[in-house]
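Peer 1: no letters, just coordinates:
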């Protein structure tokens with residue numbers, strides 16, 4: 001299995017345990033608020049170790065940010081320093097920045113969470 005597909009499966013499972021409305025890269029047109037959209041960017045690869053950036057956007061709609069803030073808190077708590085290991089891959093996730101993103105539609109509430117994922121392939125070790 002590709003390392004990106006592996007990461008997507010692990011992240012989808014972890015995030016859907018927190019909230020049911022989770023999407024990879026693009027939300028469905030009929031997504032129910034609040035919802036989560038995440039994406040992965042590969043930053044570096046050296047000797048079996050890949051460094052990824054995980055960006056998670058928590059989106060809600062309305063006058064208050066409480067639901068988005070609570071959901072962002074729950075995601076940070078669940079993912080920060082999360083470890084996974086099996087016979088082929090090992091990974092650790094570290095929390096990075098958390099930002100409020102202002103949209104042109106003032107009723108869109110968006111919290112941007114960044115994480116670093118260190119993925120180590122244990123081939124032949």
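Peer 2: Perfect, thanks for sending it. Given the structure is predicted, the values throughout are model-derived calculations rather than measurements. Residues are numbered from 1 along each chain as shown.
Peer 1: for the protein, which residues score under the pLDDT cut-off?
Peer 2: Applying pLDDT under 70 to the chain picks out residues 1, 124-125.
Peer 1: in it, which spans are helices?
Peer 2: With DSSP state H, the ranges of helices along the chain come out as 3-16, 66-79.
Peer 1: which one of those helices lies closest to residue 49?
Peer 2: helix 3-16 (10.8 Å; CB to CB). Using the backbone N, CA and C atoms, a C-beta is placed for each residue, glycine as well.
Peer 1: which parts of the closest one are buried?
Peer 2: 3, 6-8, 10-11, 14-15 (16 or more other CB atoms under 10 Å).
Peer 1: turn these into CSV, including distance to residue 98.
Peer 2: Converted to CSV, these look like this (distance: CB to CB, whole Å):
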residue, distance to residue 98
3, 26
6, 26
7, 21
8, 22
10, 21
11, 17
14, 18
15, 16
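Peer 1: dump the helices of the chain into a markdown table; add distance to residue 87 as well.
Peer 2: Output for the helices of the chain, formatted as a markdown table (distance: least, CB to CB, whole Å):
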| stretch | distance to residue 87 |
| --- | --- |
| helix 3-16 | 12 |
| helix 66-79 | 23 |
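Peer 1: and the residue positioned nearest the centre of the chain, what does it touch?
Peer 2: Among the residues of the chain, the one closest to the centroid is residue 56, at 4.2 Å (CA atoms, centre = their mean). Residue 56 is in contact with 15, 36-38, 75, 112-115, counting by CB atoms under 8 Å, 6 or more residues apart in numbering.
Peer 1: and residue 32, by the same measure?
Peer 2: For residue 32, the contact set (CB under 8 Å, 6+ apart) comprises residue 21.
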